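Trainee: The following comprises the amino acid sequence and a computationally predicted model.
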Amino acid sequence: MADNKRGVAWSYLDELLNRRVLHQRTLSGVVVDDLLASKGTKEMMGLFEKYTGTTAEKLKASGGTSCAGFVNCYGQYLGSKDALGSFDIDARLKCFLGSFLPRKPNWQAAWGKQPDGRGIGKGHAWVPRSNATRPKKGDIFLAAAHLHIGIVIDASGDTWTTLEGGQGTPELDYVSRKRRNSDGIKGWVDLDLYFDGTVQAGLVPKWLVGWWKVNWRGQTYYYRFDDRYEVKWTLRPPASPKDIPLDARDTGNFGLDINRLTIRWGATGSVERFSKVPGGIHDDGQMQGTWNDTERLSAEKL
């Protein structure tokens, strides 16, 4: 399903990217190609509303811009029931499904917005910015220092290409293609992990919690899954089932869907997918999986 969503995302974005550039300008030292405007011909204003969910009149009345609405419309097109354009999307992803965020983000008071404030339960789909991994075309980025959100087009070099709403003022707003420095980006939503069907909801099942021996490339690793959807790995075997991995090499978040799970490791950004071995010798004690959807993994509970 995630692969199909990525393809749908690309088609949606390419429709915008292939539009004739209205005008090119430099905004705070960044090259900007304006593709849609909140004012202009009837066709232009209709397209702006289609892709942002708002109009020039609504923006002027609210005093806001279209960046969040642009991402929300994108998410809705892909089939998301969540407001992916939320400025607290990182916190909402990391809160368990249906739970309330521990505190209201500052932007609610600043903007007078009142989203439902509930967790999405997909913390493994949130990727903090690091040098270990990069977003792919279609992933949703969140700015670090100010209230802004947009969509990644190309992050292969030092300068990233993005698509962003909110590139103007409440009086005249734009959806634009930008070439920007990635230093100001807090992190991003990985579309593949967001749509892969796994989630953080309710209690982690007892069959998973505890220590597992994992084999990869002929070497043994030891994973400890806890009941808060977090996993750590070490090369040292545990002295007892209650042992804590004090020398953990990395920590990851995982989501579940019945008998399968997805891990995203924090330091490396690697993604591992496991499922129970059907008809295994130990009903709840064996899993098989892949590392980054390529190399095979096997796991046995200790």
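Mentor: The structure has been received and is ready for your questions. Numbers count the residues shown, from 1 in each chain.

Trainee: backbone phi and psi for Lys5, please?
Mentor: Note on Lys5: backbone dihedrals following degrees, to the nearest 10 are phi -60, psi -40.

Trainee: That one reaches Asp190, doesn't it?
Mentor: No - distance between Lys5 and Asp190: 11.2 Å, which falls outside the contact criterion (CB atoms under 8 Å). For the C-beta atoms, the positions are set from N, CA and C on the backbone; glycine is no exception.

Trainee: More neighbours: those two, which one.
Mentor: Asp190 (25 against 18; other CB atoms under 10 Å).

Trainee: what sits against that one?
Mentor: 125-127, 135-136, 139, 264 (CB atoms under 8 Å, 6 or more residues apart in numbering).

Trainee: do the same with Asp183
Mentor: Counting by CB under 8 Å, 6+ apart, Asp183 makes contact with nothing.

Trainee: one more time with 10 Å, if that's ok
Mentor: When contacts are counted by CB atoms under 10 Å, 6 or more residues apart in numbering, Asp183 touches 129, 144-145, 158.

Trainee: Against Lys186, how distant is Arg129?
Mentor: Counting by CB to CB, to the nearest Å, the separation of Arg129 from Lys186 is 6 Å.

Trainee: Pull up the overlap in contacts between the two.
Mentor: Joint contacts of Arg129 and Lys186 (CB under 10 Å, 6+ apart) are 141-142, 144.

Trainee: Could you dump those into CSV with secondary structure added?
Mentor: Shown next, in CSV, are the shared contacts of Arg129 and Lys186 (DSSP: H, G, I helix; E, B strand; the rest coil):
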residue, secondary structure
Phe141, strand
Leu142, strand
Ala144, coil
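
Trainee: Report the two of the contacts of Asp190 separated the most.
Mentor: Across the contacts of Asp190, the longest distance by CB to CB is 14.6 Å; it joins Trp126 and Lys136.

Trainee: which is the next helix or strand following the least confident helix or strand in the chain by mean pLDDT?
Mentor: Least confident helix or strand, the chain: helix 106-111 with a mean of 44, by mean pLDDT, DSSP states H and E. Next in sequence after helix 106-111, counting helices and strands by DSSP states H and E, comes strand 126-128.
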